[in-house]
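# Fold the stuff below for me.
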Amino acid sequence: MSTLEQLLQAQPRLWRGRQHPQGQRTEPSGDARLDAFLPGGGWPLGVLTELLSPPPGGGEFSLVTPSLARLTQARDWVALVAPPLLPYPPALVRAGIDLNHLLVVQPKHPADAPWAAEQLLRSGSFRAVLAWLPHTSTTQLRRLQLAAEAGGDVWALAYRPESALGSASPAALRLHWQPAAETEQLGPQLHVIKCRGENPGSLMLARKRAGSALRHTAPQPLTLHAAMPLRAANDN
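This next block holds a predicted model:
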């Protein structure tokens, strides 16, 4: 083996052509078919993943609830930044999510959401940071990518609108979610738009039962410092 090849293989973050990056750690999705589909075998850690979808409420949050349940039950902290719909505690509990380890951050100004997500990623205190970013710049996405790398084994996921499909992004993994109503198929579809390594294409997912852990109700504005874990008992 040449010295150059040895140097290349010694860099876990380096990827070439259709090869998947070596040493990429992942978070299980909770679905064996989805894990087999995702490049690397799960949600990639230490990088930024984008999930592009139609307006919220089409089931895109159900894609991540099994992972959030596993993390919170293991007493790892996860954060939701600027969710456009109010998280519904009873539904989150039914999904297995431990509310004692879930933090919801709703900045007073939507433009502050990328900054809030970046601080949480860099803090090293969270295993997962999910942020809804309807309006964000390439520079802000680059900062989130770098913050995810600096955060170590953190799962960083940015929800973005379908209108961003044609724009460039520094995210390591870009996914497109199509609800079942749009595809007119048995279930929603997940498409890989960009990844490191060979692109697996598309996956048809099973239909989920009706119901959502996010409500169509505007959340009360909270500052980052006032953000508090949810409590199911507060819901009437």
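# Which of the three states applies to the residue nearest the centre of the chain?
With distances taken as Cα atoms, centre = their mean, the chain has Leu157 as the residue nearest its mean C-alpha position (2.5 Å). Under DSSP: H, G, I helix; E, B strand; the rest coil, Leu157 falls in the strand class.
# ok, it touching Val47?
No. Using Cβ atoms under 8 Å, Leu157 is not in contact with Val47; the gap is 10.4 Å. For the C-beta atoms, the positions are set from N, CA and C on the backbone; glycine is no exception.
# got the contact list for the residue nearest to Val47 when sequence neighbours are not counted?
Spatially, and ignoring its direct neighbours in sequence, Val47 is nearest to Ala172 (3.7 Å; Cβ to Cβ, 6 or more residues apart in numbering). Applying Cβ atoms under 8 Å, 6 or more residues apart in numbering, we find Ala172 in contact with Pro44, Val47, Leu48, Thr49, Gln145, Cys195, Arg196.
# ok so the fourth one is a strand residue?
The one in question is Thr49. Yes. Applying three-state DSSP, one finds Thr49 inside a strand.
# related to what we said a few turns ago, for beta bridges, what are the partners of the residue nearest to the centre of the chain?
Listed by DSSP bridges, the beta-bridge partners for Leu157 are Thr49, Leu130.
# Identify the residues contacting it.
Taking Cβ under 8 Å, 6+ apart, one finds Trp43, Leu48, Thr49, Glu50, Leu51, Val64, Ala128, Val129, Leu130, Ala131 in contact with Leu157.
# how about 7 Å then?
Thr49, Leu51, Val64, Leu130 (Cβ atoms under 7 Å, 6 or more residues apart in numbering).
# Count the residues that sit near the last one.
Right, the one you point to is Leu130. Per other Cβ atoms under 10 Å, the neighbour tally for Leu130 reads 24.
# tell me the pLDDT at it?
Leu130 carries a pLDDT value of 98.
# I'd guessed it sits against Leu80; true?
Yes. The pair Leu130 / Leu80 is scored as a contact, 5.3 Å apart, by Cβ atoms under 7 Å.
# gap between Ser169 and Cys195?
Plainly put, Ser169 is 12 Å away from Cys195 if you go by Cβ to Cβ, to the nearest Å.
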